[in-house]
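> turn this into a structure:
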Amino acid sequence: MSLLLFEGWPRDEVIIAPVVDPYRPDLPDWAQPKDIAPQPGAGGKTRVNFAEAGPVSPGEAIVVWNKDTVALTTDQWSALATFLSAGHAAKNAVAATGISGNVPSDLASLWSGWQAFSTALDAWDTLRSGMIAAANDIIAYANGTAKTLYAQIDALLDGMGLGDPAPAAVFPLLETAISDAAARADAAAAMAGKFAPFVSATNALVAAQSLATRNPPVRVTMPEIGTVCLSHDGNGQAIGGSISNVNDRAQLWTITRARGHDGWVFRNADATKALAVGPLTGVDTSSLPHGTSAESLMPQGPRPTLVASVAGDWDDFETACFTHTGEGYLQPALWPNHTLDCSGNDGWDQGTPVLCWMKNDGSNQKWAFTPRSDAALSFFDAMVPLVIAGGNGIGALEHLEGSWRAIVDDLK
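Next up, the predicted model:
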């Protein structure tokens, strides 16, 4: 039996896990214990007796694995530090959004997961204190009581000949060792119970984030008509779409703010192409009065069409930027007197062409949509580094009790 010491978080803190039957350097690989084997970290060493127990120096780390995952690896402790740092950064980022739970319905589960995690994170300092206290108790026990106790047991057993019965004096010592290990197993179990909410909250948050979408595509509707929305055909040209076609992905638009312009960019559902209205070409503008644009004199501009796009590219160009005015117009940046227009005076339905037409206050020129708010986007973004950090190894903290139980069983 022996103790392995683990580098904790921060580096001057220690977590200790007892393990049974550590790696035996005097035995060949085929004769090693099958369930457990220590793997020293870079520059680390394996401590194999109580006499060596003591504070873990910076850079020293013990890595152990077994079938029950009773302790954390050095990498997992490092990941835990990263995870906790990401958690506190996320708290600051969420607070900065001012979102206060006013999230879209499809982010409600993510918000609930975040609230539970945030509460568990607030309790972490108490858990850390308990971990440090447990580590100090084990170090004190290893350097004091255990050192003397196990030396007495070893001395009595070493005097036995082959086949001799165990000396009577060894049994009270063994009972004391069993009692000591059992008490620490009970303490570890209590600590594991305190970790459970943190582990559960972490797992729930990761699961909720995996099911959430940062900026889901939405419909762009025509509220004064009611049966038609913005869509596109197989050639990428804008058309009206019947809202009764509920599974038509051509009617879904990934909407983002334009960069460098006051407006919006409308990408297809897969965000691979952006709706654009190009400039007027092939027209001699030299004779126009100063300050007059050729576009303002044209009743119709180019047909709105999808063009190849990568997020972050086309939103920098005016051709793919649309201003949503107070009147409901979707005004192309290069055509300030025009709007998207579902052509015709009535009978609008699936396939009706959508044009770039001069504004005339028609109901077929009024559009509505609900983009993801900046606060909701920022909230989602705050979760990303936290979930990437992932709480590596946190679940293993719940299993530290098993090591002490194993020592109890071994002593018995």
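
> domains for this protein, by residue range?
With domains defined by automatic domain parsing, the chain comprises 2-214+380-411, 228-279+293-371.

> hey, least reliable of the ones you listed by pLDDT?
Across the domains of the chain, domain 2-214+380-411 has the smallest mean pLDDT, namely a mean of 67.

> got the buried residues for the helix or strand where residue 331 lies?
Using DSSP states H and E, the element containing residue 331 is strand 330-332. Going by neighbour count (16 or more other CB atoms under 10 Å), the buried part of strand 330-332 is 330, 331, 332. For every residue, glycine as well, the C-beta is placed using N, CA and C.

> now the last one: closest residue in space that isn't a chain neighbour?
Nearest residue to residue 332 in three dimensions, chain neighbours excluded: residue 277, at 3.9 Å (CB to CB, 6 or more residues apart in numbering).

> I figured that neighbour hits residue 301, correct?
Yes - using CB atoms under 8 Å, residue 277 is in contact with residue 301, at 5.7 Å.

> need the residues touching each of these two.
Common contact partners of residue 277 and residue 301 (CB atoms under 8 Å, 6 or more residues apart in numbering): 332, 334, 335, 338, 356.

> and the helix or strand encompassing the last one, what does it pack against?
Which is residue 356. Using DSSP H and E, residue 356 maps to strand 354-358. Strand 354-358 sits against strand 238-242, strand 338-342, with contacts defined as 3 or more CB pairs under 8 Å, 6 or more residues apart in numbering; DSSP states H and E.

> the very next helix or strand once past it: which residues count as buried?
Where DSSP H and E defines the elements, the next helix or strand beyond strand 354-358 is helix 374-389. By neighbour count with 16+ other CB under 10 Å, helix 374-389 contains the buried residues 375, 376, 377, 379, 380, 382, 383, 385, 386, 387, 389.

> got it, and stretch 95-102?
Buried, per 16+ other CB under 10 Å, within stretch 95-102: 97, 99.

> quick one: contacts of that stretch?
For stretch 95-102, using CB under 8 Å, 6+ apart, the contacting residues are 111, 115, 375, 376, 378, 379, 382.

> contacts only, for the nearest residue to the first one once chain neighbours are set aside.
I take that to be residue 111. Once flanking residues are discounted, residue 111 sits nearest to residue 103: 4.7 Å by CB to CB, 6+ apart. Contacts for residue 103 (CB under 8 Å, 6+ apart) come out as 110, 111, 376, 379.

> just give me the neighbour total for the closest residue in space to residue 233 that isn't next to it in sequence.
Residue nearest to residue 233 in three dimensions, not counting chain neighbours: residue 239, with 5.1 Å by CB to CB, 6+ apart. Neighbourhood size, residue 239 [other CB atoms under 10 Å]: 21.

> before we move on, what about residue 91?
For residue 91, the count of nearby residues is 17 (other CB under 10 Å).

> let me know the helix or strand that it is in.
helix 74-97.

> wait, residue 338 touches residue 330, no?
No - contact criterion CB under 8 Å: residue 338 and residue 330 do not qualify, at 9.6 Å.

> what is the one helix or strand residue 139 maps to packed up against?
Assigned by DSSP H and E, residue 139 belongs to helix 124-143. On a contact count with 3+ CB pairs under 8 Å, 6+ apart, helix 124-143 meets strand 14-19, helix 170-211.

> returning to what we had before: packing partners of the strand holding residue 331?
Secondary-structure packing of strand 330-332 (3+ CB pairs under 8 Å, 6+ apart): strand 322-324, strand 338-342.

> and these, which is most packed in?
Among the helices and strands packed on strand 330-332, judged by mean count of other CB atoms under 10 Å, the one packed with the most neighbours on average is strand 338-342 (a mean of 26).

> tell me what angle it forms with strand 354-358.
Here the directions of strand 338-342 and strand 354-358 differ by 140 degrees (axes from the mean of the first three to the mean of the last three CA atoms, to 10 degrees).

> pull the residues that contact strand 338-342.
Against strand 338-342 from outside (CB under 8 Å, 6+ apart): 222, 225, 228, 230, 238, 240, 277, 295, 300-301, 304, 322, 325, 329-332, 348, 352-359, 362, 364-365, 367.

> partners of it in the sheet?
strand 354-358 (antiparallel) (DSSP bridges).

> now the angle from the strand it pairs with to strand 238-242?
Using the same axes, to 10 degrees: strand 354-358 against strand 238-242 is 120 degrees.

> for strand 354-358, C-alpha coordinates in CSV please.
Presented in CSV, the C-alpha positions along strand 354-358 are these (Å, rounded to 0.1, in the frame of the first residue of the first chain):
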residue,chain,number,x,y,z
VAL,A,354,-38.7,39.4,-56.0
LEU,A,355,-37.3,42.5,-57.7
CYS,A,356,-35.3,45.6,-56.7
TRP,A,357,-38.0,48.2,-57.4
MET,A,358,-38.5,51.9,-56.6
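
> start at 506, not 1
I'll keep to 506 as the first residue from here, and by that count the last item is strand 859-863.

> what lies in contact with that strand?
Residues contacting strand 859-863 (CB under 8 Å, 6+ apart): 735, 742-745, 782, 803-809, 837, 840, 842-848, 870.

> for stretch 682-694, list every residue counted as buried.
682, 683, 685, 686, 687, 689, 690, 692, 693.

> which of the helices and strands packed on strand 835-837 sits closest to residue 656?
Within the helices and strands packed on strand 835-837, the stretch nearest residue 656 is strand 827-829; the backing value is 81.1 Å (CB to CB).

> what about the residue nearest to residue 589 when sequence neighbours are not counted, distance to residue 707?
Using CB to CB, 6+ apart and skipping the chain neighbours, the partner closest in space to residue 589 is residue 629 (6.6 Å). Note on residue 629: its distance to residue 707, by CB to CB, to the nearest Å, is 11 Å.

> the more surrounded of the two?
residue 707 (25 against 14).

> ok, the more buried one touching residue 623?
No - using CB under 8 Å, residue 707 is not in contact with residue 623; the gap is 11.4 Å.

> the residue nearest to residue 589 contacts residue 702, correct?
No - judged on CB under 8 Å, residue 629 makes no contact with residue 702 at a distance of 10.7 Å.

> still on that earlier bit, which residues does the residue nearest to residue 837 contact?
The contact partners of residue 782, by CB under 8 Å, 6+ apart, come to 806, 807, 809, 810, 824, 837, 839, 840, 843, 861.
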